[in-house]
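>>> I'll drop the sequence and a predicted model, then ask my questions.
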Amino acid sequence: MEIYHVKTHRQKIYRKKKKKKGRREDRISRLPDALLQHILSFLPTKCTVCTSVLSKRWRNIWTGVPVLSFLDWPCFAPKEKRLLEVERLLSFMDKRLPTIHHDNMPNIQKFYLHLSEFISYESPVNAWITTLVSCKLEELTLVAFIGEVSLFPPSFLISKSLTTLDLKMYIEFKPPGLVYLPQLKILRLTYIKFTNMDLTLKFFSGCPVLEQLSLDKCSWGDMVVSILFPVLKCLSITNYSGTPHLEGSRVKIHAPNLVSLNYVETVNKTSDLTSCSSLADSNIHFPYLYQYFPERRGQVCSRTAKLLAGLSNVKLLKLSGETFEALSFADERLAN
């Protein structure tokens, strides 16, 4: 009898466990609001808002997410669908922005926006950025690959809270008025055209605590400019484009605290690095454009050697095969 009762008891326990396993417990919804909002902050805002229909528990969770992300435009969708997306965005922002001034609502810390051909700075985007900056916006990303666009509003160029600025757009960089970003530590610029030396110096000098700088496919025209970055630690310059003629630009970068350098550049430009005694890691690559313009081999060699001369204290140096080949042209110059 005792054996029978033991078996029966075990069977009951097994059935209970089996029933519990059969029930799908919603553990995610039991997480704290702050953790759920942190998870949602990695999603596009459209997906974040859609979670409001899951249950009553999720109805207002998205309103506490401190990120607005609109980088997922349907670029290759029909025109009608893209127009509908723009209308939805405008309607959403008109309703969302007024709520950020409420005491119980968190500030928007990050704003990511991809401008399509149907939404530009002539629309309310200027007002959006101005409002968000006034509410201590920390990160701003603007993407616009639709030809020349008008310059962004001047409000965030004097922001005391902005720590990260990422601009990907075809514009001639002419910052209006004062530039002072005392908290900006990360700056990423893509396709920006620097044409005015005074304005360029004014902009970079207005970023006194900049630690990371990325210049991707930016153009300098025929400027000769010298820029000081007193606390810069990481620098990335990449530009694969090139033309048969040499541009007259010359960019001197003074970065006494530079630790990491990534340099991928054609020899159309001359970039000098000075006071880089703290440099620990460097990656240098010169694309092989000289194969198409053999008459430029001498210039390739001298510019490559000059750049490397500024890296005498580097601890880890990575050179591409093309860069080694460029240095080999020195033998040809000596032979001649």
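Cool, the structure landed. Numbers count the residues shown, from 1 in each chain.

>>> give me the domain ranges for this structure.
For the chain, automatic domain parsing gives the domain ranges 66-210, 223-336.

>>> mind putting these in JSON lines, distance to Gln37 included?
C-betas here are computed from N, CA, C, even on glycine. Shown next, in JSON lines, are the domains of the chain (distance: least, C-beta to C-beta, whole Å):
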{"stretch": "domain 66-210", "distance to Gln37": "7"}
{"stretch": "domain 223-336", "distance to Gln37": "30"}
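
>>> among these, which gets the worst mean confidence?
Among the domains of the chain, domain 223-336 carries the lowest mean pLDDT, a mean of 73.

>>> would TSV of the domains of the chain with mean neighbour count and distance to Thr48 be doable?
Shown next, in TSV, are the domains of the chain (neighbours: other C-beta atoms under 10 Å; distance: least, C-beta to C-beta, whole Å):
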stretch	mean neighbour count	distance to Thr48
domain 66-210	16	8
domain 223-336	16	31
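
>>> how near is the residue nearest the centre of the chain to Thr141?
The structure's the chain has its C-alpha centroid closest to Asp166; by C-alpha atoms, centre = their mean the separation is 4.3 Å. Distance of Asp166 to Thr141, given as C-beta to C-beta, to the nearest Å: 4 Å.

>>> try Asp281
Taken as C-beta to C-beta, the span from Asp281 to Thr141 is 26 Å.

>>> could you do Pro230 as well?
26 Å.

>>> swap in Leu35?
24 Å.

>>> which SSE is Leu165 in?
Assigned by DSSP states H and E, Leu165 falls within strand 164-172.

>>> which neighbouring elements make contact with the next helix-or-strand element following that strand?
Following strand 164-172 in sequence order, the next helix or strand is strand 186-193 (DSSP H and E). With contacts taken as 3 or more C-beta pairs under 8 Å, 6 or more residues apart in numbering; DSSP states H and E, strand 186-193 sits against strand 164-172, strand 212-216.

>>> and the angle for strand 186-193 with strand 164-172?
Here strand 186-193 points in a direction 10 degrees away from that of strand 164-172 (axes from the mean of the first three to the mean of the last three C-alpha atoms, to 10 degrees).

>>> dump the C-alpha coordinates for strand 186-193 into CSV.
Only the C-alpha atoms of strand 186-193 are listed here, as CSV (Å, rounded to 0.1, in the frame of the first residue of the first chain):
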residue,chain,number,x,y,z
ILE,A,186,31.3,61.8,-30.4
LEU,A,187,31.1,63.4,-33.8
ARG,A,188,30.5,61.5,-37.1
LEU,A,189,30.3,63.4,-40.4
THR,A,190,29.6,61.7,-43.8
TYR,A,191,29.5,63.5,-47.2
ILE,A,192,29.9,66.9,-45.6
LYS,A,193,31.6,69.6,-47.8
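
>>> now it, how far from the chain's geometric center?
The chain centroid and the centroid of strand 186-193 are separated by 8 Å under C-alpha atoms, centre = their mean, to the nearest Å.

>>> now stretch 45-61
Relative to its chain's centre, stretch 45-61 lies at 27 Å (C-alpha atoms, centre = their mean).

>>> likewise stretch 162-180?
In terms of C-alpha atoms, centre = their mean, the centre of stretch 162-180 is set 13 Å apart from its chain centre.

>>> which SSE is immediately downstream of whichever strand or helix holds Asp94?
Assigned by DSSP H and E, Asp94 falls within helix 79-96. Per DSSP H and E, helix 79-96 leads on to strand 110-114 as the next helix or strand towards the C-terminus.

>>> list the contacts of that next one.
Taking contacts as C-beta atoms under 8 Å, 6 or more residues apart in numbering, the residues outside strand 110-114 that touch it are 41, 66-73, 125, 128-129, 132, 137-144.

>>> rerun at 7 Å
Identification of contacts with strand 110-114 by C-beta atoms under 7 Å, 6 or more residues apart in numbering yields 66-71, 73, 125, 132, 137-143.

>>> gap between the residue nearest to the centre of the chain and Cys301?
Counting by C-beta to C-beta - Asp166 and Cys301 are separated by 35 Å.

>>> show me where the stretch 1-150 of the chain has its helices.
2-22, 33-40, 45-50, 79-96, 126-134 (DSSP state H, counting those that start in this stretch).

>>> how far is the last one from where the chain is centred?
Put plainly, it is helix 126-134. For helix 126-134, the distance to the chain centre is 19 Å (C-alpha atoms, centre = their mean).

>>> can I get that helix in PDB, CA atoms only?
Output of helix 126-134 as PDB, limited to C-alpha atoms (Å, rounded to 0.1, in the frame of the first residue of the first chain):
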ATOM      1  CA  ASN A 126      13.300  72.200 -37.600                       C
ATOM      2  CA  ALA A 127      10.800  72.700 -34.800                       C
ATOM      3  CA  TRP A 128      11.100  69.100 -33.600                       C
ATOM      4  CA  ILE A 129      14.900  69.400 -33.200                       C
ATOM      5  CA  THR A 130      14.600  72.700 -31.500                       C
ATOM      6  CA  THR A 131      12.100  71.300 -29.000                       C
ATOM      7  CA  LEU A 132      14.100  68.200 -28.300                       C
ATOM      8  CA  VAL A 133      17.300  70.100 -27.800                       C
ATOM      9  CA  SER A 134      15.600  72.400 -25.300                       C
END
